[in-house]
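Visitor: mind folding the following:
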Amino acid sequence: MARPVLTPADRARGAFLGLAAAAGFGPRSLRGEVALAKLLGEELLEAEPDLHRLVGRWIGWWRQDGDGITLATADALDHLARYDAPAPADGATAEGAPLMVTVPVALVNAGQPRNLVSGTYHIIMLTHPDPHVAWSAVAVNIAVSCFLQGRRDFIHDVIEALAANDAPAELLLVVRRIPLLARKELMPGRPAAGAAIATAEAALWMAYHEPLMERGVRWLAGAAGDASVNAAVAGALFGARDGEQEIPLEWLAGVEEVARLRDLAKRLVRVES
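Guide: Residues are numbered from 1 along each chain as shown. So this is what the prediction gives:
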């Protein structure tokens, strides 16, 4: 039976719902990081998105709820609330969780690589001011953008963007080796270049090599490293690649505000079919 032709909206819904659904896997809850992604999506729908207003949205949610975010994200929001400026960079901020939060930037800027790169980078630097994190998020978002345009081979686009912007050499090396890397060589628990790059490598590898979303997400959720984050970022990539219909229905049953996510995704995506 032929698979249905996916529209950009189908893929955008898949990305947002895949992110939220896969965030329920692994040893810890990441519902808060998904909540921050929702708030970012809503800010991007404003006539003139504003980073200061976005930070206010995030801080407001953190003070009212705050459950399911990483310690580094909580510390970053606390610093923003106290000083109205990002915290200084340190090794503790170089985690992979922010790669989840900026997925909406890929939806709204699919087909606009300059805006995608700039938006992703500057939003990451608000909470996790580390180039390794920011460029890892850019790499993931470029892959999402390619999928929204119906293009499955994202490696060249990612390499081109990273090389043109003087991204960390270790991240560029990781992306270049993805097509040649066997699953047994994928070691998300032993990141040679930091947790964010390890997350990007694991999620991009799955999106490039693994045909089945459920198998890929479950493998990462049970692997070493930051299993919860790796599974969630891979879920977004799988959803963008294969559409919402490939997400198991039982996964969606555990997702908060499914209707809100579907609506956000539909309104955010602007690339033409």
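Visitor: ok, how many other residues are close to A202?
Guide: Around A202 there are 29 other residues, counting by other C-beta atoms under 10 Å. Every residue, glycine included, has its C-beta placed from N, CA and C.
Visitor: to clarify, my last question referred to V34.
Guide: For V34, using other C-beta under 10 Å, the count is 27.
Visitor: looks like it contacts A21 (just checking).
Guide: No. Here V34 does not reach A21: they are 9.5 Å apart, not a contact under C-beta atoms under 8 Å.
Visitor: what's the helix or strand for the nearest residue to A87 once chain neighbours are set aside?
Guide: Once flanking residues are discounted, A87 sits nearest to H79: 3.9 Å by C-beta to C-beta, 6 or more residues apart in numbering. Per DSSP states H and E: H79 is located in helix 71-83.
Visitor: may I have that helix as CSV, with CA atoms only?
Guide: Provided in CSV are the C-alpha atoms of helix 71-83 (Å, rounded to 0.1, in the frame of the first residue of the first chain):
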residue,chain,number,x,y,z
LEU,A,71,18.7,22.1,36.6
ALA,A,72,20.8,24.1,34.1
THR,A,73,17.6,25.5,32.5
ALA,A,74,16.2,26.4,36.0
ASP,A,75,19.4,28.1,37.0
ALA,A,76,19.4,30.1,33.7
LEU,A,77,15.8,31.2,34.2
ASP,A,78,16.6,32.2,37.8
HIS,A,79,19.6,34.3,36.5
LEU,A,80,17.5,35.9,33.8
ALA,A,81,14.8,36.8,36.4
ARG,A,82,17.3,38.3,38.8
TYR,A,83,19.6,40.2,36.4
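Visitor: which residues sit against the helix or strand following it?
Guide: Using DSSP H and E, the helix or strand that follows helix 71-83 towards the C-terminus is helix 98-101. The contact list for helix 98-101 (C-beta atoms under 8 Å, 6 or more residues apart in numbering) reads 19, 23, 30, 33-34, 36-37, 40, 73, 123-124, 127-128, 133, 136-137, 140, 196, 199-200, 203, 229, 232-233, 236.
Visitor: right, and D226 touches P188 too?
Guide: Yes. Between D226 and P188 there is a contact under C-beta under 8 Å: 7.4 Å.
Visitor: these two: which has the busier surroundings?
Guide: Between D226 and P188, D226 has the larger neighbour count (other C-beta under 10 Å), namely 27 against 23.
Visitor: OK, contacts around that one?
Guide: E95, G96, A97, P188, A195, A198, T199.
Visitor: report the two of the residues you listed separated the most.
Guide: Comparing all pairs in the contacts of D226 by C-beta to C-beta, the longest separation belongs to A97 and P188, at 13.9 Å.
Visitor: okay, and the common contacts of D226 and P188?
Guide: With contacts defined as C-beta under 8 Å, 6+ apart, the residues shared by D226 and P188 are A198, T199.
Visitor: D65: how many residues sit nearby?
Guide: 12.
Visitor: spit out the contact partners of it.
Guide: Applying C-beta under 8 Å, 6+ apart, the residues near D65 are G32, A35.
Visitor: cool, and A85?
Guide: By C-beta under 8 Å, 6+ apart, A85 lies in contact with H79.
Visitor: H132 now?
Guide: Applying C-beta under 8 Å, 6+ apart to H132 gives the contacts A94, P168, E170, L171, A193, G194, A196, I197.
Visitor: closest one of the residues you listed to S145?
Guide: Relative to S145, the closest of the contacts of H132 is L171; by C-beta to C-beta it sits at 17.3 Å.
Visitor: do I have it right that that closest one meets S136?
Guide: Yes. Contact criterion C-beta under 8 Å: L171 and S136 qualify, at 6.1 Å.
Visitor: any shared contact partners between these two?
Guide: Residues touching both L171 and S136 (C-beta under 8 Å, 6+ apart) are I197, A200.
Visitor: if you count what's nearby, which of these two comes out ahead?
Guide: Set L171 next to S136 and count neighbours by other C-beta under 10 Å: S136 wins out with 36 against 23.
Visitor: what about the nearest residue to E210 once chain neighbours are set aside, distance to A15?
Guide: Leaving aside its sequence neighbours, E210 sits nearest to G216 (C-beta to C-beta, 6+ apart; 3.8 Å). For G216, the distance to A15 equals 15 Å [C-beta to C-beta, to the nearest Å].
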